[in-house]
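Enquirer: okay, predicted coordinates and the sequence, questions at the end:
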Amino acid sequence: MSHFSRIKTKLRHKPELEEALILLQYDVKEDQELKVTGSHGIKHEVVTADLAIAKDVGFRLNPMTNEYELVADLETWNQPISVERFLDKVNQQYARMTIHNTVKNMGFEVEEEWEMDDNSIELVMTRWVT
Amino acid sequence: MKQQKIKFTIRQDGYVTEEATGFTSHQCVSLTESIEKKLGTLETRQFKPEFYSNNVALQQNQNETQAQT
């Protein structure tokens, strides 16, 4: 009748990733060319990001893993939070939007949703069946 | 009518734990599998004892959940 599952979130779907970035109040632009420092920090290279939130921060699809990965210039990173914290927040909101969209399509409704003291989000979805 | 419930806890690093109650045993897995696939990679799945019984009333289920917390 019941089970617990533990799932590691992967950024695989563009619509939910875009929704997550908008929820985090970023101005999201599609298909932008970003200038980031090259692998040895010597010259800049131009990378096309599927979704960009700044002139040097965005996400692009890695065709090898089929996951969106962060493209950023770590040398000029000037967001108010660290790269790691930024990615955590994106993953959390992405998971939230993915759950909302997937489960609502199955006829579930949000019964409760709240943020806990440890910054985790609890989300209770229910549906009635005969 | 019977209520089915899925409780998600989304940690601040994006790890999700999911607790499903009120499902018949196989429906429970097949339904949440599609959610898990959309979200990412399933790391662990642990069945509660009542998974192995098909006729547990929802009220009992809720009582057990409350007793665990």
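Expert: Cool, the structure landed.
Enquirer: quick check, residue B:28 in a helix?
Expert: Yes - read with DSSP: H, G, I helix; E, B strand; the rest coil, residue B:28 is one of the residues of a helix.
Enquirer: now it: how far from chain A?
Expert: Distance, residue B:28 to chain A, using CB to the nearest CB, to the nearest Å: 6 Å. Quick note: C-beta positions are derived from backbone N, CA and C, even for glycine.
Enquirer: cool, residue B:9 as well?
Expert: Look at residue B:9 and chain A: by CB to the nearest CB, they are 5 Å apart.
Enquirer: got the contact list for that residue?
Expert: In this structure, residue B:9 makes contact with A:120-123, B:16-18, judged by CB atoms under 8 Å, 6 or more residues apart in numbering or on different chains.
Enquirer: tell me the bridge partners for it.
Expert: Residue B:9 forms beta bridges with residue A:122, residue B:17, as assigned by DSSP bridges.
Enquirer: and residue B:41, by the same measure?
Expert: Beta-bridge pairing of residue B:41, defined through DSSP bridges, involves residue A:8.
Enquirer: nearest residue to the residue in chain A that chain B sits nearest to other than its sequence neighbours?
Expert: Residue nearest to chain B within chain A: residue A:91 (2.6 Å; CB to the nearest CB). Counting by CB to CB, 6 or more residues apart in numbering or on different chains, residue B:14 is the residue found nearest to residue A:91 once chain neighbours are left out, at 2.6 Å.
Enquirer: chain center to the longest helix anywhere in chain A, what's the gap?
Expert: For chain A, the helix that runs over the most residues, judged by DSSP state H, is helix A:83-104. Relative to its chain's centre, helix A:83-104 lies at 5 Å (CA atoms, centre = their mean, to the nearest Å).
Enquirer: show me the contacts for the residue most central in space within chain A.
Expert: For chain A, the residue whose C-alpha lies nearest the mean C-alpha position (CA atoms, centre = their mean) is residue A:90; its distance is 3.6 Å. In this structure, residue A:90 makes contact with A:11, A:17, A:20-21, A:24, B:14, judged by CB under 8 Å, 6+ apart.
Enquirer: now do residue A:47: how many residues are near it, please.
Expert: Residue A:47: 17 surrounding residues under other CB atoms under 10 Å in any protein chain shown.
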